[in-house]
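Need coordinates for the following:
(one chain, ligands or ions: 1)
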Amino acid sequence: MNSYKFPDDFMWGVATSSYQIEGATTEAGRKPSVWDTFSANPGKVLHDDTGAVACDHYHRYETDIKLMAQLGVKHYRFSIAWPRIIPEGRGKVNEAGIDFYRRLVDCLHQHNITPHATLFHWDSPQALEDLYGSWRSREMAKDFADYVSTLVSMLGDRITNWMTINEIPCFTHLAYAVNSDPLHAPGTRVETQKEVWQTSHNALLAHGLATQAIRAASPSNCFISLVDNISVTVPISETPENIKAAQQAFHLCEQNGGIIFPALTGAYSPALLESLGNAAPDIQSGDLEIIHQPIDSIGLNIYSGTYVQARDNAIHPYRDRQPGYEFLSFPVGYPKMYMPWLNIIPESIYWGIRHIGETVGRKDLPLFISESGCAAQDQVNHQDKVIDTDRIMYLRQYFKAAHRAISEGYPLKGYFVWSFMDNFEWSYGYDHRFGLVYIDYQTQQRLPKASFDWYRQCISQNRVV
Ligand code: FCB
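Predicted coordinates for the structure are as follows:
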């Protein structure tokens, strides 16, 4: 019998991010982020929702942390809002902003929960957008590193697990576009694809410089990771041919070849550079060394994937090229959770982990799932309960895929469920709920869902129940 038991030291956790939960956007010296500006712009976010109040976590963090303690998690991943710490993006430090995170982290420690702080989860200071266009400029990487250095010197006595940046593709390739309005802040139209790739290159530089800054500023030994949402290619069946196809396809799936490869190997994928041609970013000498800093682990945010199969591409859409694989589109009616992009593919967890080891070649690097979870159309029933069996179904399958990776020897160290509570889901506003805890946005009441109880049992028995 397979009881899906996890290793004794496995880290079960939950994740959130600042703009999605905190609210209090004008309090205690905080200045606007690009997401405040973007969401205030009519038509950008579903129902014109904004993060102005969100879950009011800024005022209710003690209640929330007590609930985390009831859940039994020992690890919490949250993010720090740059515009609370350095409201203008560069220059003057806002002590009141630092104090908020001191209180938050102290409260976590009182409940024996280890903080894992993400230093950037998309809410960059609007002032830097006004000054030089945010990620379009290399200045952004330097300003980010300065902010990180300040913060780590002030909070490094309380936090030793740092995540530099969350999901580079989402605030670069989804936030800058040619010929269309981008879905994410700052929502800038640019002239060329090369400019878009330059924004992600600048973000990689920011990750590298921040890693150096953390090591220099931390008063004690600390652990640094990058968090990436690799696009996972999943073989349609696990034959040697299809596995090889999925590995080759991984390089050219979305931005993998230009983000996870340079970050973990020090080089853009040659297959990607070839396909980009003159759309490739300018890479200055020394950039790749900065980008490829030694890190202690990689955090993967995995929700879904893309099926791939081997194919003898005699006639292939890319003219005479014969890559030996094809990306498969999803059939009509493929099962999804409540989000257009959320096709249910539990094996994406296993394959994402395996690609880091085999395809990117970093078998040595410890990993954790820094986010995984799903949206559902949660309803409070007449007994005041949210019985989200759909979310339990989803998580159960994804946990089993994580278990498989561990049982095959991959160094998976932990799993952070997205999300602890319902929150502001970017351009989908408050309509798409991802939480284990339901938020009544009228009253700010917190209501643990059935999935909360289910996850509590998994954690206490350290297995998939
Ligand atoms: C990820 C983001 C996170 C959340 C989930 C659903 O891309 O990192 O903030 O929105 O998706």
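
For the helix or strand of the chain with the lowest mean pLDDT, which strands pair with it and how are they oriented?
Here the helix or strand of the chain ranked lowest by mean pLDDT, DSSP states H and E is strand 325-327, holding a mean of 93. With DSSP bridges as the test, strand 325-327 is paired with strand 306-310 (antiparallel).

what's the partner strand in contact with?
Strand 306-310 has contacts (C-beta atoms under 8 Å, 6 or more residues apart in numbering) with 231-237, 239, 241-242, 244-246, 249, 253, 324-328, 330, 345. From N, CA and C alone the C-beta is placed, and that goes for glycine too.

Hmm, residue 57 is touching residue 64, no?
Yes: Residue 57 is within contact range of residue 64, at 5.9 Å (criterion: C-beta atoms under 8 Å).

Determine which member of those two has the greater number of neighbouring residues.
Set residue 57 next to residue 64 and count neighbours by other C-beta atoms under 10 Å: residue 57 wins out with 25 against 22.

residues contacting the more buried one?
Contacts of residue 57 (C-beta under 8 Å, 6+ apart): 16, 21, 22, 23, 64.

confidence score at the residue in the stretch 51-200 of the chain that the ligand sits nearest to?
Closest residue of the stretch 51-200 of the chain to the ligand, C-beta to the nearest ligand atom: residue 167 (4.9 Å). pLDDT recorded at residue 167 is 98.

Pretty sure it sits against residue 228.
Yes: Residue 167 is in contact with residue 228 according to C-beta under 8 Å; the separation is 6.5 Å.

Which neighbours do these two have in common?
Common contacts of residue 167 and residue 228 (C-beta under 8 Å, 6+ apart): residue 301.

So between the two, which is more surrounded?
Between residue 167 and residue 228, counting by other C-beta under 10 Å, residue 228 is the more crowded of the two (26 against 23).

need the contact list for the nearest residue in space to that one that is not next to it in sequence.
Distances taken as C-beta to C-beta, 6 or more residues apart in numbering put residue 260 closest to residue 228, at 5.4 Å, once the chain neighbours are dropped. Counting by C-beta under 8 Å, 6+ apart, residue 260 makes contact with 228, 230, 356, 360.

Remind me what the helix or strand following the least confident helix or strand of the chain packs against, helices and strands.
Tracing the chain C-terminally past strand 325-327 and defining elements by DSSP states H and E, one meets helix 347-354 next. If contacts are counted by 3 or more C-beta pairs under 8 Å, 6 or more residues apart in numbering; DSSP states H and E, helix 347-354 sits against strand 233-235, strand 367-372, helix 389-407.

nearest to residue 199, of the ones you listed?
Of all the helices and strands packed on helix 347-354, it is strand 367-372 that lies closest to residue 199, at 21.7 Å by C-beta to C-beta.

where does the stretch 301-450 of the chain dip in pLDDT?
Low-confidence segments of the stretch 301-450 of the chain (pLDDT under 70): 313-322.

again, only using 50
Within the stretch 301-450 of the chain, the ranges that satisfy pLDDT under 50 run 319-320.

which parts of it sit against the ligand?
Along the stretch 301-450 of the chain, the residues adjacent to the ligand under the rule C-beta under 6 Å from any ligand atom are 301, 371, 418, 425, 426, 434.

Can you add neighbour count and secondary structure and give these back as a markdown table?
Shown next, in a markdown table, are those (neighbours: other C-beta atoms under 10 Å; DSSP: H, G, I helix; E, B strand; the rest coil):
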| residue | neighbour count | secondary structure |
| --- | --- | --- |
| 301 | 20 | strand |
| 371 | 25 | strand |
| 418 | 23 | strand |
| 425 | 19 | coil |
| 426 | 24 | helix |
| 434 | 28 | coil |
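
export these to CSV and tack on distance to residue 271?
Compiled in CSV, these are given as follows (distance: C-beta to C-beta, whole Å):
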residue, distance to residue 271
301, 23
371, 27
418, 30
425, 33
426, 30
434, 34
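
can I assume residue 117 sits in a strand?
Yes: using DSSP: H, G, I helix; E, B strand; the rest coil, the assignment for residue 117 is a strand.
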